[in-house]
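Q: Need coordinates for the following:
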Amino acid sequence: MSRPLGSRYTITESLGRGAMGEVFAAEDVDGRDLAVKVLHPDLAQDQSVVSRFVQERGILVSLADPHLVHVEDLVVEGETLAIVMERIHGPNLATYLAGQGTLPPAEVCRLGAGIATGLAAVHAAGVVHRDVKPENVLLDTTGSETSPKVTDFGVSVLTDSQRTRSTMLVGTPEYIAPELANGSEPSPAADLYSLGVMLYKLCCGVTPFAGGSLIAVLKRAAELPPGRPGGIPDELWDLIHWLLSKRPEQRPDSAHSLAFQLTALAQTLDGPAAPVLSEPPPAPGPSVTETPTQFSGLAAPTVVEPNLNKTGNEANSSGPGRKSRKALILGAAVAVVALVLAGVLATTLLRPTATNASSATTTSAVNDSPSPSLSATPTATISSTPSATSSASVSATAAPGTVPNLVGKLLPDAQRLLGTSTRLQVTDKFDPSSPDGTVLTQDPQPGTDLSTLGIMKVTVSRSAITTYLADQSAVNGSMSSGSANISGVAYPHSLSATFCDYSPEGASVEYNLGRNYQTFAATAGVSDDSQSNSSTVLVEVFADGRKVSSQTVSYGQAFPINVDMTNVLRLKIQWQGATCGKDGRASLVVGDARILGAPGVVPMPTSTQ
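A: Numbering: from 1, shown residues only. So this is what the prediction gives:
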């Protein structure tokens, strides 16, 4: 039975039910296939939740990434609160894994890279998912390759902080980061921990600390390093082990950098899936609470700004309404010891290739071969929070040495070379000449005594954030946007304007860059569909009133534009017919006009819908 929702949507059959609401199939007035999550009625009676629905609509609707289930709309209708989303016709990752058992390492990395890319977009908007698990990843099977899409991040934005604090746990216990189990505020690092648990399960079929009661699961996650299943390549295991670091500041810097590393690994790893396990392997060493003396002299952890957004998917969102006596005792012990100390020890506890700390091999010899080129590097705002390495193959008590030359190394390799006694303070820089994640500079320089070094400062190259002007609002003037052809080549993100018609003086369009970008790039030409093929047009580009490019453009040729926009407030494109043929007007195309900037500087898009 169908029923209307608002003025645009019609809800049909139920697709699933959870603790926070029910998901229905739906369609809009244009016949588009959608899914709608209708939240429980008690939430609609909470005025703070209703207010957040109104306030946060722009953030959720503007979030767009190929690896996110797109939120189309938020509907408030009487006592109904609903999130309208694109509908994905494919299984969730949990269902898919149940049928496969385990996945080959390359496939684990490929799916993980997509999930990390989606999380990077979520984190860039200031949202923490808080319930990253296979059930909240849908698999889009409509393309040539199955594509993961993260869902239910919207619920975490819309639930209020007071409701979140009313329970000890929000999320699924086996995927919860240790710091959240002890009452800390959620940060993106907690989502990365959950992704690490997910990758572990994709490799072997079980989560690393599964078994027994909820308290037992949380206690093992806080105190013990993960046991290593057989059949996982060293490179992938090091990355999973890093993600499962007990301390959030010791995990990878960002979901973006993690996506890059997983993409690179996916192209280099080969081999079959590992055997399916019924329970995780035992931890390779003692509880972290048994060896607190390992951490004397550790630098203070970086404080991460809290995010008060609530949980994502509700299907397994459970936890005690208040902390029991046992939970409080556990929380006190684990908070003092595990959160402050466990992350570093977790990285020194033994892999299956070593039997004790003294025999652990330091991976100071790192493969210097260049990483394979990537066809599509994920982009998102990058955190510059200092990060400590946690490679399982480097001992925290490594013999004193000197600082190695890190310039030219990828960030994970640099971290392995330094060892766990030195933290990396990372500054990101847009550098199109270097592969993403490459160390550009270091301080101190090679040769410094490593034993006295607490922090290593590095500048790391990052791929540009690309923004198409066709998706931006001009502050002055206008050009049409859409796909256009120049000399037989299609440019889908083009700006177009006619010339040699009724405006011999020419025209212009201006955009506000806000000093956030470094480059303007495009391809200029006369549209293949122009009425005239003999007219030419003068195209000029100005940066804060200063002319930085001038080119006379003619039919049948493509002219590249690439100009510096560093510290520029206003970008102006101006055009005027240079020669006008007798056979009519023509159309200027500024093909794929785009502005590029550094991660962490380029602002996230906002929506006025």
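
Q: Check which helices and strands the helix or strand hosting Ala189 sits against.
A: Assessed by DSSP states H and E, Ala189 sits inside helix 188-204. With contacts defined as 3 or more C-beta pairs under 8 Å, 6 or more residues apart in numbering; DSSP states H and E, helix 188-204 has these neighbours: helix 93-100, helix 105-124, helix 178-181, helix 234-243, helix 255-268. C-betas here are computed from N, CA, C, even on glycine.

Q: Okay, buried residues for the longest one please.
A: If I follow you right, that is helix 105-124. For helix 105-124, the neighbour count (16 or more other C-beta atoms under 10 Å) marks 105-124 as buried.

Q: quick one: contacts of whichever helix or strand comes after it?
A: Downstream of helix 105-124, the first helix or strand assigned by DSSP H and E is strand 137-140. Applying C-beta atoms under 8 Å, 6 or more residues apart in numbering, the contact partners of strand 137-140 are 69, 88-93, 96, 111, 115, 146-151, 198.

Q: let's see 10 Å
A: 35, 66-67, 69, 85-97, 111, 114-115, 118, 146-152, 195, 198 (C-beta atoms under 10 Å, 6 or more residues apart in numbering).

Q: and that strand, average pLDDT?
A: Across strand 137-140, pLDDT averages out at 94.

Q: Work out for me the element Lys149 sits within.
A: strand 147-150.

Q: related to what we said a few turns ago, please produce CSV containing the helices and strands packed on helix 188-204, extended by mean pLDDT and distance to Ala490.
A: CSV is the format used below for the helices and strands packed on helix 188-204 (pLDDT from 0 to 100; distance: least, C-beta to C-beta, whole Å):
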stretch, mean pLDDT, distance to Ala490
helix 93-100, 94, 34
helix 105-124, 94, 25
helix 178-181, 88, 47
helix 234-243, 94, 38
helix 255-268, 91, 27
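
Q: Give me the residue at the spatial middle of this protein.
A: Nearest to the mean C-alpha position of the chain, by C-alpha atoms, centre = their mean, lies Ala120 at 1.4 Å.

Q: hmm, back to that, can you tell which of the helices and strands packed on helix 188-204 is closest to Ser481?
A: With C-beta to C-beta, the closest approach to Ser481 among the helices and strands packed on helix 188-204 belongs to helix 105-124: 22.4 Å.

Q: What is the closest one packed up against?
A: Contacts defined by 3 or more C-beta pairs under 10 Å, 6 or more residues apart in numbering; DSSP states H and E place helix 105-124 against helix 93-100, strand 137-140, strand 147-150, helix 153-158, helix 188-204, helix 234-243, helix 255-268.

Q: switch to 8 Å and redo it
A: strand 147-150, helix 188-204, helix 234-243, helix 255-268.

Q: what's the angle from it to helix 255-268?
A: Interaxial angle, helix 105-124 versus helix 255-268 (axes from the mean of the first three to the mean of the last three C-alpha atoms, to 10 degrees): 160 degrees.

Q: what angle separates helix 105-124 from helix 93-100?
A: Going by the same axes, to 10 degrees, helix 105-124 makes 170 degrees with helix 93-100.

Q: The contacts of strand 137-140, buried ones only, as a ChimeraX selection?
A: Typed into ChimeraX, the line below selects the buried ones among the contacts of strand 137-140, using 16+ other C-beta under 10 Å:
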select :35,66,67,69,85,86,87,88,90,91,92,93,96,97,111,114,115,118,146,147,148,149,150,151,152,195,198
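
Q: and for the strand holding Lys149, what are the contacting residues?
A: 66-69, 88, 93, 111, 114-115, 118-119, 122, 129, 132, 136-140.

Q: Recalculate using a threshold of 10 Å.
A: 65-70, 85-86, 88, 90, 92-93, 96, 110-119, 121-122, 129, 132, 134, 136-141, 191, 195, 312.

Q: before we move on, back to that, tell me which of the helices and strands packed on helix 188-204 lies nearest to Asn485.
A: Here helix 105-124 is closest among those (C-beta to C-beta), at 30.3 Å.

Q: that older thread, which helix or strand lies directly C-terminal to the helix holding Ala189?
A: helix 214-223.

Q: what about that next one, average pLDDT?
A: Mean predicted lDDT for helix 214-223 stands at 88.

Q: and it with helix 188-204, angle?
A: Going by the same axes, to 10 degrees, helix 214-223 makes 100 degrees with helix 188-204.
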